[in-house]
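What follows is a predicted protein model with its sequence.
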Amino acid sequence: MPIKTIIEPFRIKSVEPIRQTTREEREKILRAAGHNLFLVRSQDILIDLLTDSGTGAMSSEQWAAIMRGDESYAGSPSFERFRDSVQAIMGFKHVIPTHQGRAAERILFSVMCVAGDVVPNNTHFDTTRANCEFVGAQALDLPCAEGRQPSVAAPFKGNMDVQALERTIAEHGAKRIPLVMLTVTNNSGGGQPVSMANIRAVRAVCDKHRIPLYIDACRYAENAYFIKQREPGYEKATPREIAKEMFSYADGCTMSAKKDGMVNIGGFLCTNDDTLAQREKDLLILTEGFPTYGGLAGRDLDALAVGMNEALEEDYLHYRIVSTAYLGDHISEAGVPIVEPPGGHAIYIDARAFLPHIPPAQFPGVALAAELFLEGGIRSVEIGTLMFGKRDKDGTEHVGPMDLLRLAIPRRVYTQSHIDYCVEVILEVWRRRNEIRGLKLTHQAPYLRHFTARLEPFGT
């Protein structure tokens, strides 16, 4: 009889205490933070599912690599090990380190885009959209139809709508589209994967119109594993082989290495274009650092060189995907509406369906996040109207396409008992969901407002 229990494929060598708080303490903390969990101290969080970005635990091999780090300003062997590791997986000619993914996005869009350009993506994430819009370009989302329907289960809901891409090019003209992007996995769409067939189809459209294709590669290893599990013809391929094929269709990529790079800081920008690479390096020197360190310490580059390979280990990926689904399956079976099927790095609760009595303009995702914190000290993040909506000068709120609550699982940090605790908390909030009230904004910033916004419940 096969063993069904999925164990963590690692042993715990060091532990970090987490502080228990009372509900009364959490009520005071939430009021002081303006009901925005970004503004809560990490010491006051019991289970932190705000993000999987840079919050994972590094391996013993990564810590050993840190000791090899060479901190030379230029020409460090740490850079060479990092570059060789990335090229062995992705195959791009130029590998440009940055301190994190949004720096790579800023450089890419600053060099490739001008005001009035259009950049299609399956779905831009928050910093990608902000950096695109900051240079005056339009960040356009073209998710496949099933990607807009949280309850619909489909194997590759992260796909781009290829016909919509063709229509977009016909409408705006290829000269106004400096690049097309694909985000793998599709974070804003529920952590859903993109199929190899879709990558090839997007590549074909780009070739037809001579438009470069870039991949947002934050979770490339998870996407590769989903392809292995779900796409016919890839059952016997390794995640590394699948990743190589994915990137073979692209002209470059951006990456926040704080995800599938398995490190706490770092990112990079890749391209096959010599001229573009030189312009990107010139801008890198101005704001990040010399091209062989790009704002990172040598020890960070060495840890990343190891982490890129560890993310492709099949035992790890199996544990990663199955343990995330464990959370989603348990709450879904009890009736909690989630984005189906469970994503790779996170579970996304459909906050609009969870709290149908709260209109989108009253931020049901933020209200639900606040309630999970009050109930059990869990920190999560809204992917919805606060993050992707906009408010006009007259106060009119334009709502986001969906209102989701993301529970992002840090890599190699929490055990099954932690996840069981989260299940209990979520189901208790589900039981009394009709008591939860909507929120109103009292402060917002002009860009990326969700990071610093302050809100309060209606009726206070």
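Perfect, I can see it now. Residues are numbered from 1 along each chain as shown.

for residue 253, which residues make a bridge with it?
Judged by DSSP bridges, the bridge partners of residue 253 are residue 215, residue 270.

Check residue 460 and give its pLDDT.
The per-residue pLDDT reported for residue 460 equals 64.

Over to residue 190?
pLDDT at residue 190 comes out at 86.

Which helix or strand contains it?
Taking DSSP states H and E as the definition, one finds residue 190 inside no helix or strand.

can I assume it is in contact with residue 149?
No: counting by C-beta atoms under 8 Å, residue 190 sits too far from residue 149 to count as a contact (10.3 Å). Placement of C-beta: from N, CA and C, glycine included.

Specify which residue of the two has the higher count of neighbours.
Per other C-beta atoms under 10 Å, whichever of residue 190 and residue 149 has more neighbours is residue 190, with 28 against 15.

Which residue comes closest to the residue nearest the centre of the chain once chain neighbours are left out?
Taking C-alpha atoms, centre = their mean, the centroid of the chain lies closest to residue 187, which sits 4.6 Å from it. Distances taken as C-beta to C-beta, 6 or more residues apart in numbering put residue 125 closest to residue 187, at 4.9 Å, once the chain neighbours are dropped.

Tell me how many other residues surround the one you found.
23.

Is residue 305 in a helix, a strand, or coil?
Three-state call for residue 305 (DSSP: H, G, I helix; E, B strand; the rest coil): helix.

Spit out the contact partners of it.
65, 78, 81, 82, 84, 85, 86 (C-beta atoms under 8 Å, 6 or more residues apart in numbering).

ok, now how distant is the third one from residue 366?
What that stands for is residue 81. Distance, residue 81 to residue 366, by C-beta to C-beta, to the nearest Å: 42 Å.

More neighbours: the two, which one.
The neighbour count for residue 81 versus residue 366, taken as other C-beta under 10 Å, is higher for residue 366 (29 against 20).

Correct me if wrong, but that one is in a helix.
Yes: with three-state DSSP as the criterion, residue 366 is part of a helix.

wait, residue 19 sits on residue 46?
Yes: the pair residue 19 / residue 46 is scored as a contact, 7.5 Å apart, by C-beta under 8 Å.

one step back: so the residue nearest to the centre of the chain touches residue 124, yeah?
No: assessed by C-beta under 8 Å, residue 187 is found out of contact with residue 124, at 9.5 Å.

I'd like the distance from the helix or strand of the chain with the lowest mean pLDDT to the chain centre, please.
Least confident helix or strand of the chain, by mean pLDDT, DSSP states H and E, is strand 390-391 with a mean of 77. Relative to its parent chain, strand 390-391 has a centroid offset of 23 Å by C-alpha atoms, centre = their mean, to the nearest Å.

Can you give me the neighbour number for the closest residue to residue 277 other than its chain neighbours?
Distances taken as C-beta to C-beta, 6+ apart place residue 94 nearest to residue 277, at 3.8 Å, with adjacent residues excluded. Counted by other C-beta under 10 Å, the residues lying close to residue 94 total 20.

Now do the same contact list for residue 165.
Applying C-beta under 8 Å, 6+ apart to residue 165 gives the contacts 120, 142, 180, 202, 205.

So which of the residues you listed belong to strands?
120, 180 (DSSP state E).

Relative to residue 251, which of the contacts of residue 165 is nearest.
Residue 251 has its nearest neighbour among these in residue 180, at 9.6 Å by C-beta to C-beta.

How about residue 97: which residues does it bridge to?
residue 268.

What distance do you get for the residue nearest to residue 187 to residue 102?
From residue 125 over to residue 102 the distance is 10 Å, taken as C-beta to C-beta.

Over to residue 293?
18 Å.

where do the helices sit along the stretch 1-150 of the chain?
With DSSP state H, counting those that start in this stretch as the criterion, the stretch 1-150 of the chain has helices at 23-32, 60-68, 77-90, 101-112, 126-134.

And the longest one, what does it pack against?
Other helices and strands packing on helix 77-90, by 3 or more C-beta pairs under 8 Å, 6 or more residues apart in numbering; DSSP states H and E, are strand 94-98, helix 239-248, strand 267-271, helix 298-310.

Need the mean per-residue confidence for stretch 309-323.
96.

got it, and stretch 17-34?
Mean predicted confidence for stretch 17-34 is 96.

Same check on stretch 407-421?
Rounded mean pLDDT across stretch 407-421 is 95.

In it, which residues are buried?
407, 408, 409, 410, 411, 412, 413, 414, 418, 419, 421 (16 or more other C-beta atoms under 10 Å).

do the same with stretch 174-192
176-192.

Now for the residue nearest to residue 277: which residues touch it?
Counted by C-beta under 8 Å, 6+ apart, residue 94 has contacts 270, 271, 272, 273, 274, 277, 280.

and the gap between it and residue 272?
For residue 94, the distance to residue 272 - C-beta to C-beta - is 7 Å.

what's the answer for residue 191, then?
Going from residue 191 to residue 272 by C-beta to C-beta gives 28 Å.

go on, residue 120?
The gap separating residue 120 from residue 272 is 20 Å, by C-beta to C-beta.

got it, and residue 296?
Residue 296 is 23 Å from residue 272, by C-beta to C-beta.

ok, and what's touching the host helix or strand of residue 322?
Using DSSP H and E, the element containing residue 322 is helix 314-333. For helix 314-333, contacts defined as C-beta under 8 Å, 6+ apart pick out 6-9, 221-222, 224-226, 229, 238-239, 310-311, 338, 340-347, 349, 407, 409, 411, 416, 419, 422-423, 426-427, 430.
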